[in-house]
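1. pasted the sequence and its predicted model underneath.
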Amino acid sequence: MTGSFVKRIMKSLCAAHGMRSSSSLAKVKVGTDILSIAPNVSLQRARTWDQGVASNFLTTPLVDIFKDKKVVIFGIPGAFTGVCSEEHVPTYMDNADKFKAKGIDFVICVAINDPYTMNEWAEKLQGNDTIEFYGDFDGSFHRSLKLATDLSNVLLGTRSERWSAYVVDGVIKALNVEEDPSVVTVSAAQTILEQI
């Protein structure tokens, strides 16, 4: 399937099922402390299966990601999907130096995928040097933030909304959630750069 075909399907489904930005429904908003609403949640850094075995399948607590750090994080519906690969992630890869210049410690891409899929995808995109990739294998991170959505109608199941946030010491300073997950507008890197 081509990217434009998938976009048309996603837009049709969003319209038919009344899907829209979860920002009005989200538990999170500007000022929310992620560490408070998801205190026991961890993410899984992208890695190979062998690295997972060697680390005893170690996960990364959110406190290790956000505490005392300036982080730009963006969520995507799924690794290896057209819009995510061709439009969303590249905006962050292309602006990596600008984020560093603004004092950002990490730029993170997260999806409801396992860390092994995220690793293969990051390698294919050649994004490992500019972005940190994390899996939210069971969706607990996105559910805690109320940023999960049901995309079963396009065979994706429970997935992340398409979103971005600027987070300082665990507190959300800027949050952008797309109304339509098939497009990249407010969640692109350029928006967050202007918000920092």
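-> Okay, I see it.

2. part of a strand, is A165?
-> Yes - remark: A165 belongs to a strand, assigned using DSSP: H, G, I helix; E, B strand; the rest coil.

3. give me the neighbour count for it.
-> 25 (other C-beta atoms under 10 Å). Backbone N, C-alpha and C define where each C-beta goes, glycine included.

4. got the contact list for I172?
-> V28, K29, V30, G31, T32, D33, I34, A165, Y166 (C-beta atoms under 8 Å, 6 or more residues apart in numbering).

5. tell me the confidence at M118?
-> On pLDDT, M118 comes in at 94.

6. counting by contacts, list what the strand or helix carrying it packs against.
-> Using DSSP states H and E, M118 maps to helix 115-125. Applying 3 or more C-beta pairs under 8 Å, 6 or more residues apart in numbering; DSSP states H and E, we find helix 115-125 packed against strand 42-45, helix 49-54, helix 89-93, strand 106-111, strand 132-135.

7. for those, which one sits closest to I73?
-> strand 106-111 (4.4 Å; C-beta to C-beta).

8. show me what the closest one is packed against.
-> Looks like strand 106-111 contacts strand 70-76, helix 89-93, helix 115-125, strand 132-135, strand 158-160 (3+ C-beta pairs under 8 Å, 6+ apart).

9. beta partners for the residue most central in space within the chain?
-> Centroid-nearest residue in the chain: G75, 1.6 Å away (criterion: C-alpha atoms, centre = their mean). Per DSSP bridges, the residues bridged to G75 are V110, W163.

10. distance check, it against F106.
-> Separation of G75 from F106 (C-beta to C-beta, to the nearest Å): 14 Å.

11. equivalent analysis for T130, please.
-> For T130 relative to F106 (C-beta to C-beta), the value is 11 Å.

12. tell me the confidence at the spatially most distant residue from the centre of the chain?
-> The outermost residue of the chain, judged against the average C-alpha position, is A54 (25.8 Å), by C-alpha atoms, centre = their mean. If you check A54, the pLDDT there is 93.

13. N153 now?
-> Looking at N153, the pLDDT reads 61.

14. how about S4?
-> At S4, pLDDT is 49.

15. for this protein, where's the lowest mean pLDDT among helices and strands?
-> When each helix and strand of the chain is scored by mean pLDDT, DSSP states H and E, helix 3-16 comes last, with a mean of 44.

16. what is the end-to-end distance of stretch 42-49?
-> Across stretch 42-49, the terminal residues are separated by 18 Å (C-alpha to C-alpha, to the nearest Å).

17. quick one: buried residues of that stretch?
-> S42, L43, Q44, R45, A46, R47 (16 or more other C-beta atoms under 10 Å).

18. go on, stretch 67-87?
-> Those would be 70-79, 81-85, for stretch 67-87 by 16+ other C-beta under 10 Å.

19. now do the end-to-end distance for it.
-> 30 Å.
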